[in-house]
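Peer 1: Predicted structure and sequence below. I'll ask about it afterward.
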Amino acid sequence: MTFRSSVFVLLLVLASCAKKEEPVALSLEGSVCGDPALRGEVIGEVQGAGACGIENAVRLREVSGVRLSTAATVDCTTARALKTWVDEGLKPAVGTEGGGVAALRVVSHYACRSRNNQSGARLSEHAKGRAIDIAGIRLKNGTELTVLTDWGRGGVGRRLRQMWQAACGPFGTVLGPEANRFHRDHFHFDTARYRSGSYCR
């Protein structure tokens, strides 16, 4: 074997031994429900009185880069539904308006209570960690779209209605200002399931 052919063989061996570059994986550190887009902490079991409580709860702080004004205690089914809505409903409805979505103003999540806090009413999905209430959407330029003041008002109102409609499907119950007096200032989303499909009002 000549010197030139020996060098060629050596280069082939070295090339075959070289490690292939591994694809970069998204970090799961700080994520919940096995999804890097859902950021927060795992809580585990939340015990409540009677039928209240959550078996596998998380404290959700951020969804697909959108911060929650208050960390929401929910189950993973609800966290994933919220992500679907943020990605497929909220962000497309807002678009580039105000630089895009920065945060959601959360006004309720887990709470051991009856529906609409009414005495004698059935237990709310909030009492099972399956619901979240959102009153406003903050944009990156500091503007806030609020359900109370902007629903039905021009282009902003149309965007809010589009968001509300997009929640119908990912969530089992979707309530807004036209549902009743209890929801005039926020969206209620929960993951209860019905045989007839999502209940949206």
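Peer 2: Nice, I can see it. Numbers count the residues shown, from 1 in each chain.
Peer 1: Please name every helix or strand in contact with whatever helix or strand residue 60 lives in.
Peer 2: Residue 60 is located in strand 53-63, with elements delineated by DSSP states H and E. For strand 53-63, the packing partners by 3 or more C-beta pairs under 8 Å, 6 or more residues apart in numbering; DSSP states H and E come out as strand 31-32, strand 35-47, strand 66-75, helix 76-85. Using the backbone N, CA and C atoms, a C-beta is placed for each residue, glycine as well.
Peer 1: Would you reformat the ones you listed as a markdown table and include mean neighbour count, mean pLDDT and distance to residue 113?
Peer 2: Supplementary listing: the helices and strands packed on strand 53-63 in a markdown table, determined by neighbours: other C-beta atoms under 10 Å; pLDDT from 0 to 100; distance: least, C-beta to C-beta, whole Å:
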| stretch | mean neighbour count | mean pLDDT | distance to residue 113 |
| --- | --- | --- | --- |
| strand 31-32 | 20 | 96 | 24 |
| strand 35-47 | 15 | 96 | 14 |
| strand 66-75 | 20 | 98 | 14 |
| helix 76-85 | 22 | 98 | 16 |
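Peer 1: possible to save those as JSON lines with distance to residue 114?
Peer 2: As requested, the helices and strands packed on strand 53-63 are arranged in JSON lines below (distance: least, C-beta to C-beta, whole Å):
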{"stretch": "strand 31-32", "distance to residue 114": "28"}
{"stretch": "strand 35-47", "distance to residue 114": "18"}
{"stretch": "strand 66-75", "distance to residue 114": "18"}
{"stretch": "helix 76-85", "distance to residue 114": "19"}
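Peer 1: Which one of the ones you listed lies nearest to residue 148?
Peer 2: strand 66-75 (15.2 Å; C-beta to C-beta).
Peer 1: Strands of the chain, start to end?
Peer 2: In chain order, the chain shows strands spanning 31-32, 35-47, 53-63, 66-75, 101-108, 131-139, 144-146, 173-175, 187-190, 199-200, with DSSP state E as the criterion.
Peer 1: Verify the stated contact: residue 49 with residue 123.
Peer 2: No. With contacts counted by C-beta atoms under 8 Å, residue 49 stays clear of residue 123, the gap being 10.7 Å.
Peer 1: These two: who's more crowded?
Peer 2: residue 123 (15 against 8; other C-beta atoms under 10 Å).
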